[in-house]
Each structure stands twice: as C-alpha cells, then as structure tokens.
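**Q** Sequence unavailable; structure follows:
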C-alpha cells in the first residue's frame, strides 16, 4: 500500500499502519544501528568510557484524551511509560527529560494536578526528572496537554531483548497481571463519560517489579511492556523477532470480568487493547517458577501467571482458546474502533 | 465449560457421522463469524461440517452506491458525518470516510446514536448527519435518535438510513418465492432503478445459525417461515463457544434426522416474540421499502424508509442526495462471500491485493467481515487455508 498524502489517526495506533509510516518516512531519515535494534530504548555502548556499562535512551509522546481517567492521568502515564521502556531493556533509569505542550486556556489547577502526579510517580519509580521544556500552542491546536518524556538509563549487563537468538523452544512467557484495563478505562472515560465503570487503568512504573525478577537469578531472554497494540501486538512481534512459534493459552491470561464485558460490548479483542503496567517476560522453562515467585512477590505482579510458551515453528503467534480451539494472533491494524452491533 | 464443550463435541461428531454427508451451515450474523474465529471453532468441527458466512455483517451488505452516498455527505459544507466505527475504513468508489477525514471532512465516530443528537443540539450552526446502517439490532437506536431530534425540534440533525431487515434476504438466498416478470418490473420501478439484479441461484446450505443479537429484537418465531416454507433447519444461538457449538450440534442433529425444525439455544436472552417495544419503535419511524444489497441486488421489503411524518430528518431529502448505481470493485468477490457462494480464500485478490491495510472490498475492513476474520485469525481448517498461511506472518 502506498502511504496516503495525509497522516491518518491510525498512523499513531501502534499497529501495522504505524510500522509502515516509520519504515517509509521516519527510519530512512534518522535510522542508525542503535535505532535499528528496534528496542524500547536506544542502547549506547559506553564500555570504552564507563567500564562494563551501556547507556539506554528512550523517548515517548503522550497525547491521551481525556488527560485524566480512572486509575491515572497523563502525568503518571508519561513517567511510567518511559521508565518501563528503560526497565524492559534491563536498564536502571538515571533521569528523565520532560517536555510539555499545553493549549492556551488549559486550566492551571489541572496542570498542577498533572505535575503532582508526575512527581508522585517519579518518586514511586525512584527516578528524577532532570530536564524539561514547555511550549504553549493556540487554543484548539492541541487537546489541553501533551507530554513528551525522554529517559536515560544504565545497563549493567547484556541488554535484554538483544538476546533474540537465545529464545528457545520450551521457554515460557510470564505476564504480571490483568490485561486491557488501561485501554478500556480511557476509552470509556472518553466516549461514554456518563457511564460509571469499575475499570481502572493499570498505569504504573514497572522497574521495581522487573528488578525483582532479574534479581531472582532467572535467565531473562526477552522482556517488553504490552502497550498500545496490546498483548497481541507484543506476541506477534516476539514471534517475528525470534522466528519461532509463540503459543498463548487464553485460559491462563488474566482478564477481569468487567473488562471482558466492556470489550465484548464494544466489539474489541482484549488481546489488542492497550496496557500501561503490564510486562511480558520470557524465561527458560527451568527458571519459570523462580521468576514467577519473584514477580508475584511484588504488588504489581500479584496476579502474575505463565501465559504461554515458545514452540517449534515459524514467525507465528497462536492462541489456544478457552474453548479448546486454535487461532492465529496478529498485530492489530491501527485504531481501535467500536463495532456496529 | 471444558466438560460442556466435550459433551457437545461428542454429540456433534455422532450426529455428523449419522448424517453421513457434507453439511454446510450458514452463520447469518457477522458477530458469529468473528466469534467462531476468535474461539477457534472451525478447528473443532467434524470433517464434514463447515460454516459459511451469510449476509449478516451490516457493513458488508451495504451497496457500493450507499457507501458513496455517505462519503458524498461528508463533503457537504458544514456537515459532520456521524458514523459507527466499522464504516470508517470501508472503501467507496472515491475512497473511504477515514481518508475523507484526513483530507479535512468532519467525520466523528459514535458510540450511541444519541451522541449525534447531542452534538447537533450543542452546535446549531453545523449540520449533523447520522450514517445509519445495520439490521434490527441498530434500527431501534436510529428510531430513538429521530424521535429525540423531533422532540428537541432540531433543524440540523438528519439520518442517512440504509437499514435492512434480515428475513427477506434469507428468503432471497433460498431462491425466494416465485415472481412473475411483471412483478419484477414493478419492483424495479418502485425502487427507481432501471436494472434489477436477482440472486443468481439458490445457494446450497443445510441450515441457518440464526443471529443472537438480531433475534433479541425479532424473536425466534420470526424464522418459523424459513423452516416451514423452505424446509431449512434454523437454530438461534448466542456468541460464546459453547452456545455456537450447541447451535451447530442441533442443526447437525436435525440434518441427521431429516427433520428441519426451529430451535433456540439462547432462550435466556431471545424470546419467541422478541422485543415488542423495540419492534414498535421501528414501526413508528420506519416503513418497509425495497433495499439494494451488495451481491443480492434489490430485494422488496428488505429495507426501511423513514416515514413521511419524520421526513424532515431524512438526509437524502434534506440535501437532495442522489444514490448512484456504483459497480462493485473489479475482481472483488465480497458479494459471493456474504452469500456463501465462495470462501475468502477462493478470491484471487485475498491476501494479495486485498488485505486489511489495502482493502478492496468491505468484507476485508469491517470488524465483522468474513475476509477480515479469515485474514486475521487465519489457520482455517482445510487445504485452502494453507495457501495463504505463509502470507499471514506479515
């Protein structure tokens, strides 16, 4: 498909459309060997300067609407998202740069609320915002508030995610809890504000939980947070990265009842709905129990579970359904849209 | 659930063996199509039982001309098109609503038809046009929006209605009741069309898995004539794996016994008489009219027209829009897919020129479309699936 002349909303959806935009417009311009690794952080090799350490660098834009939703807000999201992108690469966050784009007319009290949330989340993650920038655009040119955060971290071991060749048959996938809460909480808050729902976003910094799993001694082969394209996007990417078959067990994937119902009502697949506090960790089978115990000992991993495994096969992610059938899991297309009936 | 599934599978295997021939059941509803793929149902059926998609995806049955009309309405000055999310990506002759939006047209996705009424009330200077599609499930909501707009005396809200009713389409698929040349000419005249298509021939199906959602409104009794007049087994089923498998099992048992019946395996939700309040709401605002279906052509009494009393809310009349006959995209076999005449993999565009990113026909973009489900969930049993399995791993 040729790229359309105008940017579509779907180009920001984390799906195949976005991949195409990045491949055709962004990567050819700014591509380099670090970006080409395709990790959630860019890893800068500093071993000649700092003995045995590498630098991780990551950046993310946050444009969520509404800026406040059940379970979180754009401030908590901006810190958590960037901390998580560092943590899943095995990096210890060193500092965060934060850029604000505000719309003329945005309430000062709301900004205070967002900044308080930024501060509280940074404290929770044990990270400091070390630099920042603020711009304001005309009323209507931006939806209240946008935040961009960049983060740097140090990796003291081989960066996780680089070890794709190490992913082997029988390795298991761990997930730290219920999926699809964030996407549905935000969607319901945006589109159906009149409905009061118990679904709360899972947005949270995961570096504490990840450190605990790494400290357990389990050999982590791959780690990624399941954000916009959901667990489906992550698992399909994982299959492509390691060139093997990723088999997910639907029965084992934790989903809250209310979340499942809301997704069904809107015609969405919970596997494709966004999360902001969920990480998938691939470990060797013999390390599974140790890693799972470490995960479950952390409050953000209490509902953790083994959700699948790596098997012989090629570039495909498969789901064994609760009903006992099998189907392919693909990366979603772009925007998540509600269906007709 | 595992135990229930096991029992059902045993019953199904047994009945399929007794039937001793190939059986094809049509799932009439798009939600069934997607559910069956999502829960991996196709893999669990006996070798001689297969599911075919039917004309139950609201987006897929919408004629090309009606889709063009929505895109035309999006370019009216000051107009905002309010649409269900599914319609956004459907390709018309001149691009989709999604592309129209990126060029500057005002297109907003509704979660409820009343969203559009609310937006119109809050912005008297703009025109809000609700693109209303769907079957008995969505029609009551459109009717409510129109009566609400009348109550609020809104002058800037209108509806581009291409609602359809299900039963005449099922009858047409089964060959329909005999029609003389004169009746056919009258039908063409009534529809304001010079040319009128007829479904090619009766399709070969052994039973209908009737839609759970539409039946909530219609009532299970609505399918009685399909059983009595056409000898076709009908089972109303819900959308969970066990409910669908129960429906398929009952259909297979009826075939094995040679006794077509009407059964309802979703009785906790679907009543024999349906939802009479919703039926009355539809009748108040809409009247039966011929409708143009993709692939099926014009079927008398299969559409709904806004009644004279509410004509001020009819976007076609308000803006003088004219639906043009538009050809379906060249090579696209969506029409055959939704009438059970071929499977998506039989279409030579499938997975090549036509993918969710580069859709040629509506079945590939609608979230309830058969081609989209085939492409997305892949691994369909049977050899045809293997042909495109390699392409799945994009």
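**A** Yep, it's here. Being a predicted model, the structure only gives us computed values, none of them experimental. Numbers count the residues shown, from 1 in each chain, chains lettered A, B, ... in the order given.
**Q** which parts of the stretch 1-150 of chain A sit against chain B?
**A** Contacts of the stretch 1-150 of chain A with chain B, taken as CB under 8 Å from any CB of the partner chain, map to A:1, A:4, A:6, A:7, A:8, A:9, A:10, A:16, A:17, A:20. C-beta coordinates here come from the backbone N, C-alpha and C atoms, glycine included.
**Q** For these, please prepare JSON lines with the additional fields secondary structure, distance to residue B:13 and pLDDT.
**A** Formatted as JSON lines, the residues of the stretch 1-150 of chain A next to chain B follow (DSSP: H, G, I helix; E, B strand; the rest coil; distance: CB to CB, whole Å; pLDDT from 0 to 100):
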{"residue": "A:1", "secondary structure": "coil", "distance to residue B:13": "43", "pLDDT": "67"}
{"residue": "A:4", "secondary structure": "coil", "distance to residue B:13": "49", "pLDDT": "80"}
{"residue": "A:6", "secondary structure": "coil", "distance to residue B:13": "53", "pLDDT": "75"}
{"residue": "A:7", "secondary structure": "coil", "distance to residue B:13": "52", "pLDDT": "74"}
{"residue": "A:8", "secondary structure": "coil", "distance to residue B:13": "47", "pLDDT": "79"}
{"residue": "A:9", "secondary structure": "helix", "distance to residue B:13": "47", "pLDDT": "72"}
{"residue": "A:10", "secondary structure": "helix", "distance to residue B:13": "43", "pLDDT": "78"}
{"residue": "A:16", "secondary structure": "helix", "distance to residue B:13": "39", "pLDDT": "85"}
{"residue": "A:17", "secondary structure": "helix", "distance to residue B:13": "43", "pLDDT": "84"}
{"residue": "A:20", "secondary structure": "helix", "distance to residue B:13": "45", "pLDDT": "86"}
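**Q** Among the residues you listed, give me the pair with the biggest separation.
**A** Greatest spatial distance among the residues of the stretch 1-150 of chain A next to chain B (CB to CB): A:6 and A:16, at 17.9 Å.
**Q** related to what we said a few turns ago, from the residues of the stretch 1-150 of chain A next to chain B, which would you call buried?
**A** Neighbour-count burial (16 or more other CB atoms under 10 Å in any protein chain shown) is assigned, among the residues of the stretch 1-150 of chain A next to chain B, to A:4, A:8, A:10, A:16, A:17, A:20.
**Q** per-residue confidence at the residue in the stretch 1-150 of chain B positioned nearest to chain A?
**A** Residue nearest to chain A within the stretch 1-150 of chain B: residue B:40 (1.9 Å; CB to the nearest CB). Residue B:40 is assigned a pLDDT of 88 by the prediction.
**Q** List the residues that contact it.
**A** A:319, A:320, A:321, A:323, A:324, A:325, A:326, A:327 (CB atoms under 8 Å, 6 or more residues apart in numbering or on different chains).
**Q** For the closest residue to residue A:207 other than its chain neighbours, give its distance to residue B:276.
**A** Excluding the flanking residues, the one nearest residue A:207 by CB to CB, 6 or more residues apart in numbering or on different chains is residue A:87, at 3.9 Å. Distance, residue A:87 to residue B:276, by CB to CB, to the nearest Å: 57 Å.
**Q** Any idea how far stretch A:154-161 is from the middle of the chain?
**A** Taking CA atoms, centre = their mean, to the nearest Å, one finds the center of stretch A:154-161 at 18 Å from the center of the full chain.
**Q** number of nearby residues for the residue in the stretch 201-350 of chain B that chain A sits nearest to?
**A** As assessed by CB to the nearest CB, chain A sits closest to residue B:241 within the stretch 201-350 of chain B, at 3.2 Å. By other CB atoms under 10 Å in any protein chain shown, 24 other residues sit near residue B:241.
**Q** Return the distance of the residue nearest to it when sequence neighbours are not counted relative to residue A:230.
**A** Excluding the flanking residues, the one nearest residue B:241 by CB to CB, 6+ apart is residue A:323, at 3.2 Å. As judged by CB to CB, residue A:323 and residue A:230 stand 20 Å apart.
**Q** higher neighbour count, these two?
**A** Higher neighbour count among residue A:323 and residue A:230: residue A:230, with 29 against 24, using other CB under 10 Å.
**Q** got a list of what the more buried one touches?
**A** Residue A:230 neighbours (CB under 8 Å, 6+ apart): A:179, A:180, A:183, A:269, A:270, A:271, A:272, A:273, A:274, A:275, A:332.
**Q** List the backbone torsions phi and psi for the most centrally placed residue in chain A.
**A** With distances taken as CA atoms, centre = their mean, residue A:227 lies nearest the centre of chain A, 3.0 Å away. With angles defined as degrees, to the nearest 10, residue A:227 sits at phi -100, psi -120.
**Q** Touching, it and residue A:276? I think so.
**A** Yes. Counting by CB atoms under 8 Å, residue A:276 is a contact partner of residue A:227 at 6.3 Å.
**Q** In contact with the residue nearest to residue A:207, which residues?
**A** Residues in contact with residue A:87, defined by CB under 8 Å, 6+ apart, are A:93, A:153, A:205, A:206, A:207, A:210, A:211, A:279.
**Q** Give the single residue among those positioned nearest to residue B:350.
**A** Using CB to CB, residue A:279 is the member of the contacts of residue A:87 that lies nearest residue B:350, at 36.3 Å.
**Q** So in terms of bridging, what pairs with that closest one?
**A** Using DSSP bridges, the bridge partners assigned to residue A:279 are residue A:225.
**Q** Okay, buried residues for the longest strand along chain A please.
**A** Using DSSP state E to define each element, chain A has its longest strand at strand A:91-103. Residues of strand A:91-103 classed as buried by neighbour count (16+ other CB under 10 Å): A:91, A:92, A:93, A:94, A:96, A:97, A:98, A:99, A:100, A:101, A:102, A:103.
**Q** Residues touching stretch B:140-153, excluding its own?
**A** B:112-114, B:116-117, B:120-121, B:130, B:132, B:134, B:157, B:159, B:161, B:163, B:217, B:278, B:281-282, B:284-286, B:306, B:310, B:313.
**Q** Have a look at the chain and report the helix or strand with the lowest mean pLDDT.
**A** You didn't say which chain, so I picked chain A. The helix or strand of chain A with the poorest confidence is helix A:27-30; it has a mean of 74 (mean pLDDT, DSSP states H and E).
**Q** Sorry, I should have been clearer: chain B.
**A** Of all helical and strand segments in chain B, the minimum by mean pLDDT, DSSP H and E falls on helix B:383-392, at a mean of 37.
**Q** about what we covered before: can you turn the buried part of the contacts of stretch B:140-153 into a PyMOL selection?
**A** A single PyMOL command is used to select the members of the contacts of stretch B:140-153 judged buried by 16+ other CB under 10 Å:
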select buried, chain B and resi 113+114+116+117+120+121+130+132+134+157+159+161+163+217+278+281+282+285+286+306+310+313
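**Q** Now do the helices in the stretch 201-350 of chain B.
**A** For the stretch 201-350 of chain B, the helices defined by DSSP state H, counting those that start in this stretch cover B:212-218, B:224-230, B:241-257, B:276-285, B:315-319, B:334-337.
**Q** on that earlier part again, what's the following helix or strand after the least confident helix or strand of chain A?
**A** The C-terminal neighbour of helix A:27-30 among helices and strands, as given by DSSP states H and E, is helix A:33-36.
**Q** any idea how far that following helix is from the chain center?
**A** Mean-position distance between helix A:33-36 and its chain equals 19 Å (CA atoms, centre = their mean).
**Q** and if you look at stretch B:266-276?
**A** 20 Å.
**Q** cool, stretch B:308-315 as well?
**A** Its chain's average C-alpha position is 25 Å from that of stretch B:308-315, according to CA atoms, centre = their mean.
**Q** And that stretch, what's buried?
**A** By neighbour count with 16+ other CB under 10 Å, stretch B:308-315 contains the buried residues B:310, B:312, B:313, B:314, B:315.
**Q** what about that stretch, average pLDDT?
**A** Stretch B:308-315 carries an average pLDDT of 96.
**Q** mind listing the strands for the chain?
**A** Unless you meant another one, I'm taking chain A. With DSSP E, the ranges of strands along chain A come out as A:42-45, A:54-62, A:68-69, A:72-73, A:91-103, A:129-137, A:145-155, A:172-175, A:220-225, A:245-249, A:279-283, A:305-311, A:316-320, A:326-328.
**Q** if you could check chain B rather than the one you did, that'd help
**A** Taking DSSP E as the criterion, chain B contains strands spanning B:23-27, B:49-53, B:79-83, B:106-109, B:127-134, B:157-163, B:207-210, B:234-236, B:262-264, B:286-293, B:297-306.
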